[in-house]
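[1] My questions concern the predicted model and sequence given below.
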Amino acid sequence: MPILSYRCKECGKEFAKILLNPNRPPRSCPVCGAAEPEELGPAFSQDMISLERMMCSSCDSCGDSSCGVAPAS
């Protein structure tokens with residue numbers, strides 16, 4: 001099961017997705033719902049904080065208590 005990084009072509013949000021079936025990539029952005037996000041490649045090339053931020057659906061390093069990532073200083 002690969003973990004791949006994607007970027008939304010509409011809102012620019014980056015996110016990671018575990019693919020149970022590599023032939024079925026995500027159809028839409030989890031933030032704005034736009035179709036066909038751009039594949040960036042394997043998520044493991046990112047550092048762990050970047051991965052946590054990509055998995056957060058609320059924002060980019062907002063520090064919101066729901067995302068568990070401290071804001072960037």
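    Received, thanks.
[2] got a list of what I18 touches?
    1-3 (Cβ atoms under 8 Å, 6 or more residues apart in numbering). Heads up, the C-betas are built off the backbone N, CA and C, glycines and all.
[3] if we go to 10 Å?
    If a contact means Cβ atoms under 10 Å, 6 or more residues apart in numbering, then I18 has 1-4, 43, 55 as its contacts.
[4] again with E38
    E38 neighbours (Cβ under 10 Å, 6+ apart): 5-9, 14.
[5] can you pull the pLDDT of the residue lying closest to I3 once chain neighbours are set aside?
    Among residues not flanking I3 along the chain, A43 sits closest, at 4.3 Å (Cβ to Cβ, 6 or more residues apart in numbering). pLDDT, A43: 80.
[6] Determine the set of other helices and strands touching the helix or strand hosting S5.
    Counting by DSSP states H and E, the element that carries S5 is strand 3-7. Judged by 3 or more Cβ pairs under 10 Å, 6 or more residues apart in numbering; DSSP states H and E, strand 3-7 is in contact with strand 14-18, strand 38-42, helix 48-55.
[7] worst average pLDDT in the ones you listed?
    Among the helices and strands packed on strand 3-7, helix 48-55 scores lowest, at a mean of 58.
[8] Surely P22 touches M1?
    Yes. Contact status for P22 versus M1: in contact at 8.2 Å, counting by Cβ atoms under 10 Å.
[9] sorry, back to before: out of the contacts of I18, give me the one that has the most neighbours.
    The most crowded member of the contacts of I18, judged by other Cβ atoms under 10 Å, is A43 (20 neighbours).
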